[in-house]
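In: Got a sequence here, can you build the structure:
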Amino acid sequence: MQEGVSPKPSINPKALRAKAKPQPSPAEWVAMIRQGDTQALSRAITLVESSAPRHRALSQEVVDRCLPYSGDSVRIGVTGVPGVGKSTFIESFGIYLIENTGKRLAVLAIDPTSSISHGSILGDKSRMTRLSASPRAFVRPSPAGGSLGGVARKTREAMILCEAAGHEIVLVETVGVGQSELTVHSMVDCFLLLMLAGAGDEMQGIKRGIMEMADLLTITKVDGENVNAAKVARQRYLNALHLFPPTASGWTPPVLLSSAVTGAGIDSVWSEIVRFVEHEGAGGFFDARRSKQAKAWFQETIENRILERFHSQSGMRERLQFLEERVMRGEIGVRSAVDALFE
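Out: Predicted coordinates:
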């Protein structure tokens, strides 16, 4: 460097002077979402997923303003045993819906969050390449964030935003483990359970509760050498379902056969979903189910807010750590430690 010559700055001074892009107002957010702006919809979902206090009031107002434009979609939960091919099925099913019904589709794929790095895998969008490329589809992978059963806490708000954006079918994919099925079941109109055939005892490892929650069952990967095994498995599932108590509406869950590779049976899945929605709607069970879900959402939000306020108390983190260590060393009982926190 020559003497008397100042070195060039490593940062462009113009970049330092650049002002941050102003945050849209709630009215502007809603206008962009209503116009079908996919980028705005994605950013709005990120906003409601944010845990930053400065985003809470804004995201709440955006969701509230979108409420009048929501509720007209068919909300479908999709779950299944590991290896059943949920993402492959959803892509095949989604493409069928777009091409044959003319409806717009949103997929909220809840990704597992790494317990080591706390990062989300977010692999569903990369697996659903054809569906993601469609202008009539919106695929949103969301990190589970360690919430109950691996289901993102803000999925309900995301559904409202998707419906306000004009998506007439919303699919919610679970990670397929833990209690996530219970949570997703509490926010959808129709719960679809995907099953495998030829994996030994078909009932092994399948919780009775999940079978009882299912409104429809479909055996996947029914192609090639799996066809005969799938037919046998279908009869076993039908026999098992007959042992369950009847639903309040009198609906009997059908057991279907499908192949995401060949497309066989995909149309039947949609036909049965339509029949189910019509059946539940005719008896008033559809509206009753949504009202019950709204009540559960309200109560769940109260519980979450109480927990947030509890943990945000001054000195709470240190107090928790101190008492946890005493409990772990056996110096104090769990109930006594909890009582000490609430003193």
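In: before we move on, which element is residue 79 in?
Out: Following DSSP states H and E, one finds residue 79 within strand 74-80.
In: For that strand, what is the distance to the chain centroid?
Out: Mean-position distance between strand 74-80 and its chain equals 9 Å (Cα atoms, centre = their mean, to the nearest Å).
In: And the next helix or strand past that strand?
Out: By DSSP H and E, the next helix or strand past strand 74-80 is helix 86-101.
In: which other helices and strands contact that next one?
Out: Under the contact criterion of 3 or more Cβ pairs under 8 Å, 6 or more residues apart in numbering; DSSP states H and E, helix 86-101 touches strand 74-80, strand 105-111, helix 124-127, helix 129-133, strand 169-173, helix 266-282. Just so you know, the C-beta spots here come from the backbone N, C-alpha and C atoms, and that holds for glycine as well.
In: Whichever helix or strand comes after the fifth one: how far from the chain's middle?
Out: In other words, strand 169-173. As assigned by DSSP H and E, the chain's next helix or strand after strand 169-173 is helix 180-185. Relative to its parent chain, helix 180-185 has a centroid offset of 9 Å by Cα atoms, centre = their mean.
In: helices or strands up against helix 180-185?
Out: Counting by 3+ Cβ pairs under 8 Å, 6+ apart, the packing neighbours recorded for helix 180-185 are strand 74-80, strand 190-195, helix 208-213.
In: can you do 10 Å?
Out: With contacts taken as 3 or more Cβ pairs under 10 Å, 6 or more residues apart in numbering; DSSP states H and E, helix 180-185 sits against strand 74-80, strand 105-111, helix 155-164, strand 169-173, strand 190-195, helix 208-213, helix 285-311.
In: could I get the ones you listed as a markdown table with mean neighbour count?
Out: Output for the helices and strands packed on helix 180-185, formatted as a markdown table (neighbours: other Cβ atoms under 10 Å):
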| stretch | mean neighbour count |
| --- | --- |
| strand 74-80 | 24 |
| strand 105-111 | 26 |
| helix 155-164 | 24 |
| strand 169-173 | 25 |
| strand 190-195 | 24 |
| helix 208-213 | 14 |
| helix 285-311 | 12 |
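In: how about a markdown table for those, with mean pLDDT and distance to residue 324 added?
Out: A markdown table is the format used below for the helices and strands packed on helix 180-185 (pLDDT from 0 to 100; distance: least, Cβ to Cβ, whole Å):
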| stretch | mean pLDDT | distance to residue 324 |
| --- | --- | --- |
| strand 74-80 | 93 | 34 |
| strand 105-111 | 85 | 29 |
| helix 155-164 | 94 | 30 |
| strand 169-173 | 94 | 35 |
| strand 190-195 | 93 | 38 |
| helix 208-213 | 78 | 32 |
| helix 285-311 | 89 | 13 |
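In: Ok, which of these comes nearest residue 245?
Out: Closest approach to residue 245 among those (Cβ to Cβ): helix 208-213, 8.2 Å.
In: Send me the closest one as PDB with only the CA atoms.
Out: Taking C-alpha atoms only, helix 208-213 is exported to PDB below (Å, rounded to 0.1, in the frame of the first residue of the first chain):
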ATOM      1  CA  ARG A 208     -55.900 -48.100  18.000                       C
ATOM      2  CA  GLY A 209     -56.500 -44.400  18.700                       C
ATOM      3  CA  ILE A 210     -55.100 -43.400  15.300                       C
ATOM      4  CA  MET A 211     -57.300 -46.000  13.500                       C
ATOM      5  CA  GLU A 212     -60.300 -44.600  15.400                       C
ATOM      6  CA  MET A 213     -59.500 -41.100  14.400                       C
END
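In: For that helix, name the packing helices and strands.
Out: On a contact count with 3+ Cβ pairs under 10 Å, 6+ apart, helix 208-213 meets strand 74-80, helix 180-185, strand 190-195, helix 226-241.
In: Where does pLDDT dip in the stretch 51-200 of the chain?
Out: 111-127, 142-153, 175-179, 198-200 (pLDDT under 70).
In: same thing but at 50, please
Out: Counting by pLDDT under 50, the stretch 51-200 of the chain has low-confidence residues at 113-123, 148-150.
In: For the helices and strands packed on helix 180-185, give me CSV that also has distance to residue 31.
Out: What follows is those, written out as CSV (distance: least, Cβ to Cβ, whole Å):
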stretch, distance to residue 31
strand 74-80, 24
strand 105-111, 19
helix 155-164, 11
strand 169-173, 21
strand 190-195, 31
helix 208-213, 38
helix 285-311, 26
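In: Tell me which of the ones you listed sits nearest to residue 222.
Out: Closest to residue 222 of those is strand 190-195 (Cβ to Cβ; 10.6 Å).
In: hmm, back to that, determine which of the helices and strands packed on helix 180-185 approaches residue 61 most closely.
Out: The nearest among those, by Cβ to Cβ, is helix 155-164 at 11.8 Å.
In: Specify the angle between that closest one and strand 169-173 in degrees.
Out: On the basis of axes from the mean of the first three to the mean of the last three Cα atoms, to 10 degrees, helix 155-164 is oriented at 150 degrees to strand 169-173.
In: orientation of helix 155-164 relative to strand 74-80 in degrees?
Out: Using the same axes, to 10 degrees: helix 155-164 against strand 74-80 is 130 degrees.
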